[in-house]
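Undergrad: Got a predicted structure here, sequence first:
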Amino acid sequence: MLVELGHFSVVIALVLSFAGIITPLIGLKTRNATWVVVGRRAVLSTFVLITIGMFILIYSYLVEDYSVKYIYATSNSKLPIFYKVAGLWGGHEGSLLLWAWILSLYCALATLIHWKSQPVVMPYLILIESIVLTGFLMLILFLSNPFERIFPVPLDGKDLNPLLQDPAMVVHPPLLYLGYVGLSIPFSFAMAALFSGRLGEEWLKATQRWTIFAWLCLTCGILMGGYWAYYELGWGGYWGWDPVENAAFMPWLVATAFLHSTMVQEKRKMFKVWNLFLIILAFSLSLIGTFLVRSGILSSVHSFAADPGRGVFILGFVTFMLVLSFGTLMIRAPKLRSQIKMDSMVSRESAFLFNNLFFLVALATVFVGTLYPLAMEVLEFQKVSVGAPYYNAVFMPVALGLIFLMGVGPYIPWRKSSSENLKKLFVIPMLFSLGMTGLFFVAGVRKPYALAGLAVVFFVLAAIFLDFNKLASFWAKREKSNRFQGFFSAYRNNPRRITGIIIHIGVLVMVVGIIFSSMYQTEKILIMKPGEEVNLQAFQLRMANLYGVKGVNWTGQEALFDVYKEGQIITQMHPQKRFYTVSQTPTTETAIYQTKMGHLFVTIPEVAPDGSWARVRILHNPLVLWVWYGGGIMAIGAFMNIFRRVRKNRMPVTDPAGMVPEVSANIPQPTR
Amino acid sequence: MAGKKFGIIFSVLIVVGGLGYLAFGRFGENLVYFVTPSEVVTFGSDRYGKKIRVAGMVVEASMKVIPETLKIRFDLTDGDKTIPVAFEGVPPDLFKEGKGAVVEGYWDGDQVLHSHMIMAKHEEDYMPIEMKQAGVKLPTKGLIKTLKVD
């Protein structure tokens, strides 16, 4: 009965989200705010209702109600509680419900937070969010219902895919969805700006934190997925240019470009149409990503079934959203000319321009690589796949360019820079970078891309250090304190800039990790019997034993390795080959030993039936953890940016120039 | 002013052109074609040594593990034609006789598919029941078509 209650509340939520489309439309037409208030109540209740539906489903997981088909397919009585709850997003239907719940959560929060400060935006926000929510709820209720029952009731569930029984996989989908769906808020504000004609910088200022929060979640979600792939799939890498990874990476690329280009509009009132285009593109790519992953077009751990009905529905819905948003942009764009032209090639504006250019080239590359094989297949030509060399050919130069710009963009002045100024800013970083790269060359780093990467990383590091030093001494002098305190004053006075630079430092750390772990990975694959030894780099591994082990829902074999370095035993490692008994699936469990500067990574992908030998794969991944350390620093920077304190003492709160968008005079009032 | 504008547009074009060339100048070389064993057996010498992905079923009782090495030999079939595969490396967890697999490698003059990478198909258990039923009804050709890379 409870499950039917959950089902019913989601049905009501669909009706109310439909009301959320109608009421703001009536409100806008009749210019009657009461209708908008009704719309707000509709979206708030939608959130409550979907929450009820979701919690009932989670409760049913916990009480092991396998009469629900979806629970039967993604859970089992032997699963630990943690994974029982996570089973909700372990399959297609529940993932969509989670998507819809997060969307309604964002929508409810946005209406609560901005209700007083952004009254003009509210009807449009409710309207746009409700359109998206209606689409998703229809998909859930009509084509992939998680509340559906089966009869006869099975005794036990089929188990959650063993690959997903992992802590990283429990948080990966919610984080990714928080990122995908979070982009819907700036998207809605942008659409509101387009519809209402209030096309100043207001919408950017109001949504900056929403965008960076979405970006933070997307970043963490992608990194978490990479970490999971790294140790759970056991192939030793974290990024494979898999279409499903690309689906999450594409909105990230555009959101990052957007976060940068908005600064140009805020400071110089340029790139107006471009920013609207970028945020519409970013959210569209979120929807396309959902389409790619959820329609079953791509087959992988992420897609659970190929049901043509769902695919057609999502494709139709995505097309509708694309036409609606890009159509509106095209109609409105001619009214949005920026009055300011770019002054010089050597300016911060042009650094941002090239930043965006690089990001969009990267996007185009991923987009073509992901969709070309699909297009080929749909057109019945031939099935093809696009390999990593294609992506690497573009991404390595693009990454070098972007990192180089990280050392230029934040420091070069707006409008125009003199050559003296350039010398003062960049000669020291250049020399430092040359010197450090030379040192690495002498130390034995000879691969051109590794050297080029290190050169730009050191260039940026020096530029950051010089800037921090300058800021610190400026504030130290002004407040008559030491440099350390001076730096904190600098942070207090411009937290947005400093947090941005912290994110840049995170990127640098990550890049160093990527360079070394991908270009200087060493590998050995061999057959080993207990008692045998093998050397890799400075390590010596001895397989001491090979024996059977047993878990709650799996049986398997485990190898015991003694790891020696310079004749001393430093650790023991236990890679496993598991067989999940319920789902009849084998998995390979990685053993990882963290050395000072990297990872020793051991798997046993195959064990002889009689247990006499095992196929062993040993990898040394230098600096691989830096990838996630860098990600952590990026996350801290983004977090500090979201929760920064608003400056009070330097500028008056009301800025008369900012109140009236400077183009509003040219725009006729909407004739609704 | 016109000169500056030209400079900006020109440098943008150079960057886009250069990167575009990197991406698509050798796009064809970076494509890996999916073929079936029936297509592979018709290959002429011009297609020897080119990277391909072959989708098929691993023939029951055809797998031979060569002792003390990482080499495995097995046969791959699409129900019509069967080809021998010489594989060296680590097969994926789900690689089994009688199951679907996608083998990446190259076909050579010795009429053997040489491979270092196999992608196995996920179990149908993770599909809803109606799909499983539908899967049973699929004809052989359609079955090969539904095999996708993991």
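TA: Perfect, thanks for sending it. Numbering: from 1, shown residues only, chains lettered A, B, ... in the order given.
Undergrad: before we move on, which element is the residue nearest to the spatial centre of chain B in?
TA: For chain B, the residue sitting closest to the mean C-alpha position, by CA atoms, centre = their mean, is B:Arg53 at 2.3 Å. B:Arg53 belongs to strand B:51-58 when assigned by DSSP states H and E.
Undergrad: what sits against the residue nearest to the centre of chain B?
TA: By CB atoms under 8 Å, 6 or more residues apart in numbering or on different chains, the residues touching B:Arg53 are A:Lys383, A:Ser385, B:Val32, B:Tyr33, B:Phe34, B:Val35, B:Val102, B:Val103, B:Glu104, B:Val149. No exception for glycine: its C-beta is placed from N, CA and C like everyone else's.
Undergrad: Tell me how the chain divides into domains.
TA: All of this is about chain A. A:1-165, A:199-285+A:293-413, A:414-519+A:628-642, A:522-625 (automatic domain parsing).
Undergrad: You answered for a different chain; I wanted chain B.
TA: B:1-29, B:32-146.
Undergrad: now the ones you listed as TSV including mean pLDDT?
TA: Listed next are those as TSV, based on pLDDT from 0 to 100:
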stretch	mean pLDDT
domain B:1-29	75
domain B:32-146	73
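Undergrad: Contact partners for A:Arg209?
TA: Applying CB under 8 Å, 6+ apart, the residues near A:Arg209 are A:Asn641, A:Ile642.
Undergrad: wait, A:Leu360
TA: Applying CB under 8 Å, 6+ apart, the residues near A:Leu360 are A:Leu253, A:Val254, A:Ala257.
Undergrad: And those, which is closest to A:Met1?
TA: If you rank the contacts of A:Leu360 by distance to A:Met1 using CB to CB, A:Val254 comes first, at 45.4 Å.
Undergrad: Can you tell me the element the closest one falls in?
TA: A:Val254 belongs to helix A:243-268, assigned by DSSP H and E.
Undergrad: What is whichever helix or strand comes after that helix packed up against?
TA: Later in the chain than helix A:243-268, the nearest helix or strand by DSSP H and E is helix A:272-294. Of the remaining helices and strands, those touching helix A:272-294 by 3 or more CB pairs under 8 Å, 6 or more residues apart in numbering or on different chains; DSSP states H and E are helix A:92-114, helix A:167-182, helix A:184-196, helix A:243-268, helix A:308-332, helix A:348-378.
Undergrad: which stretches of chain A aren't confidently modelled?
TA: For chain A, the stretches flagged by pLDDT under 70 are A:295-308, A:336-343, A:380-382, A:646-672.
Undergrad: Which residue ranges of it form strands?
TA: A:384-386, A:522-528, A:533-536, A:539-550, A:554-565, A:568-573, A:576-580, A:585-589, A:591-594, A:598-607, A:614-622 (DSSP state E).
Undergrad: ok, A:Arg41 - how many residues close by?
TA: 15 (other CB atoms under 10 Å in any protein chain shown).
Undergrad: quick one: it and A:Leu16, what's the gap?
TA: A:Arg41 sits 9 Å away from A:Leu16 when distances are taken as CB to CB, to the nearest Å.
Undergrad: next one: A:Arg415
TA: 51 Å.
Undergrad: So between the two, which is more surrounded?
TA: Neighbours were counted for A:Arg415 and for A:Leu16 using other CB under 10 Å; A:Leu16 has more, 26 against 13.
Undergrad: correct me, but the more buried one touches A:Gly39?
TA: No. Judged on CB atoms under 8 Å, A:Leu16 makes no contact with A:Gly39 at a distance of 9.8 Å.
Undergrad: Now do the shared contacts for those two.
TA: Joint contacts of A:Leu16 and A:Gly39 (CB under 8 Å, 6+ apart) do not exist.
Undergrad: How about the contacts made by A:Pro24?
TA: Neighbours of A:Pro24 in contact, by CB under 8 Å, 6+ apart: A:Trp35, A:Val36, A:Gly39, A:Met122, A:Pro123, A:Tyr124, A:Ile126, A:Leu127, A:Ser130.
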